[in-house]
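Participant: What would the 3D arrangement of this be:
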Amino acid sequence: MTNSSTDATPPVATDDRPSRAGWRWAPVWILAYVVLWPAPGYAEAVLVLGAVAALAKLVASRFRGGTQLLSGQAWALTSVLFFAYWLPELVSSFDAVDVTRALKEAAADLRYLPFLWLAASAVADTRGRRITFGGLAVIVLDFVLGGLAFVVLG
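Facilitator: Take a look at the predicted model:
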């Protein structure tokens with residue numbers, strides 16, 4: 001086959017592609033969601049708005065035939081990981097005490113898939129990884145120091 005390669009090493013992702021202005025904010029969505037965990041209503045609003053924004057951007061990108069925001073491998077990995085979590089929830093809802101409520105909850109949890117795609121696009125390049133993981137480290141440090149101060153000071 002002409003497209004076959006005998007090289008066993010996977011291709012290395014490069015960051016020489018032009019950055020998408022609309023997706024430079026993907027790490028900010030992720031960090032805003034995490035920093036708002038102590039305020040569940042606001043965190044949920046950020047999650048839902050981020051999921052809607054991610055879905056709109058990713059669909060628009062796919063219709064243009066591009067994979068600039070997420071590679072095919074990233075789409076597959078995030079989707080498989082999500083459905084490994086979500087499908088058992090859906091299947092078990094048919095055996096629940098309140099089937100209607102369980103099905104509604106399973107349907108509501110579909111909001112996590114586009115947010116997972118947003119998280120994957122946030123760490124898709126070097127700049128995004130630096131911002132996202134650096135920001136997560138600062139947030140975790142703040143949560144830990146706040147918890148320690150609460151323990152010490154009562």
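Participant: can we go C-alpha only for contacts and neighbour counts from here?
Facilitator: Will do.
Participant: and residue 28, what is it in contact with?
Facilitator: residue 132 (CA atoms under 8 Å, 6 or more residues apart in numbering).
Participant: Would you indicate which residues of the helix or strand containing residue 84 are buried?
Facilitator: Residue 84 belongs to helix 72-93 when elements are defined using DSSP states H and E. Buried residues in helix 72-93, counted by 16 or more other CA atoms under 10 Å: 74, 75, 78, 79, 82, 86, 89, 90, 93.
Participant: Give me the average confidence score over it.
Facilitator: Throughout helix 72-93, pLDDT has a mean value of 91.
Participant: go on, stretch 134-141?
Facilitator: Mean predicted confidence for stretch 134-141 is 96.
Participant: how far does it sit from the chain's center?
Facilitator: Taking the mean of its C-alpha atoms, stretch 134-141 sits 17 Å from the chain's own mean (CA atoms, centre = their mean, to the nearest Å).
Participant: tell me how far whatever helix or strand residue 60 lives in is from the chain's mean position?
Facilitator: Using DSSP H and E, residue 60 sits within helix 40-63. How far helix 40-63 lies from its chain's middle: 10 Å, per CA atoms, centre = their mean.
Participant: Give me the helices and strands touching it, please.
Facilitator: Judged by 3 or more CA pairs under 8 Å, 6 or more residues apart in numbering; DSSP states H and E, the packing partners of helix 40-63 are helix 26-35, helix 112-122.
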